[in-house]
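Asks: kindly return the folded structure for what I paste below:
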Amino acid sequence: MTLPVLFTERLVLRPLNGEDFEPWAAFQADAEMMRFLGGVQSRAESWRSLCTMAGAWSVRGYSMFALIERGTGRWVGRVGPWQPEGWPGTEVGWGVAREFAGQGYAYEAAVAAMDYAVDMLGWTDIIHTIDPDNLASIRLAQRLGAANRGPTRLPPPYEDLPVDAWGQTAAQWKARIRP
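Replies: Residues are numbered from 1 along each chain as shown. So this is what the prediction gives:
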């Protein structure tokens, strides 16, 4: 299987791998950044979650991408297609490390990931599962053209987390005018 690598103006989006572990573990340990992403993870839990996302490329044929800053090679975060067993739909999700938050990286990467999901994976509908209190992610979903479809439920162990499904069809995504 040839794994995709995407390029944006400032980022390289590539499949997650073992070299991402240290920045991944630091991101997963940041309580503020993980507040709406299932909570802080220990190094051991971070290793397993990294392996889950990296392994999804083999099992599903897609997963989140590592975001690498083109100019510096620094790990920015993870964005991309995601649908583990029992997930409420085909999702493009995101999360960036604290030092990169608010700089437009999540939007830039999410646009590339949305295009990939529609054009390469053939997805006809894309959601973003977002805690109703996560105002930054809600703003990003709105900027991407998504609408709040209302409450949804994640599979265990996240079934008690409050989340709304924000989403749009592939046709809506393709029809929108990009800023």
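
Asks: please, which helix or strand holds Asp160?
Replies: Secondary structure here is read from DSSP states H and E; on that basis Asp160 sits in neither a helix nor a strand.

Asks: local confidence estimate at it?
Replies: Looking at Asp160, its pLDDT is 92.

Asks: what do you get for Leu37?
Replies: Per-residue confidence (pLDDT) for Leu37: 81.

Asks: burial count for it?
Replies: Counted with other CB atoms under 10 Å, the burial measure for Leu37 works out to 19 neighbours. Backbone N, C-alpha and C define where each C-beta goes, glycine included.

Asks: where along the protein do the helices fall?
Replies: All helices of the chain, identified by DSSP state H, fall at 21-29, 31-34, 43-59, 105-119, 135-143, 170-175.

Asks: list the buried residues of the shortest one.
Replies: Neighbour-count burial for helix 31-34 flags Met33 (criterion: 16 or more other CB atoms under 10 Å).

Asks: same question, stretch 161-176
Replies: The neighbour-count check on stretch 161-176 (16+ other CB under 10 Å) flags 163-168, 170, 173 as buried.

Asks: from those, which single one is nearest Leu154?
Replies: Proximity of the buried residues of stretch 161-176 to Leu154, judged by CB to CB, is greatest for Val163, which lies at 6.0 Å.

Asks: can you tell me the closest non-neighbouring residue to Pro88?
Replies: Take Pro88 and drop its neighbours on the chain: the residue closest to it by CB to CB, 6 or more residues apart in numbering is Thr152, 4.4 Å away.

Asks: swap in Gln168?
Replies: Ranked by CB to CB, 6+ apart and with sequence neighbours excluded, the top spatial neighbour of Gln168 is Ala146, at 5.1 Å.

Asks: show me what the helix or strand bottoming out on mean pLDDT in the chain packs onto, helices and strands only.
Replies: Of all the helices and strands that make up the chain, the one with the lowest confidence by mean pLDDT, DSSP states H and E is helix 31-34; it has a mean of 85. For helix 31-34, the contact count by 3 or more CB pairs under 8 Å, 6 or more residues apart in numbering; DSSP states H and E identifies helix 21-29 as packing neighbours.

Asks: centre of the chain to the helix it packs on, how far?
Replies: The gap between the average C-alpha position of helix 21-29 and the chain average comes to 15 Å, counting by CA atoms, centre = their mean, to the nearest Å.

Asks: mind giving me the packing neighbours of that helix?
Replies: In terms of contacts (3+ CB pairs under 8 Å, 6+ apart), helix 21-29 is packed against helix 31-34, helix 43-59, strand 75-82.
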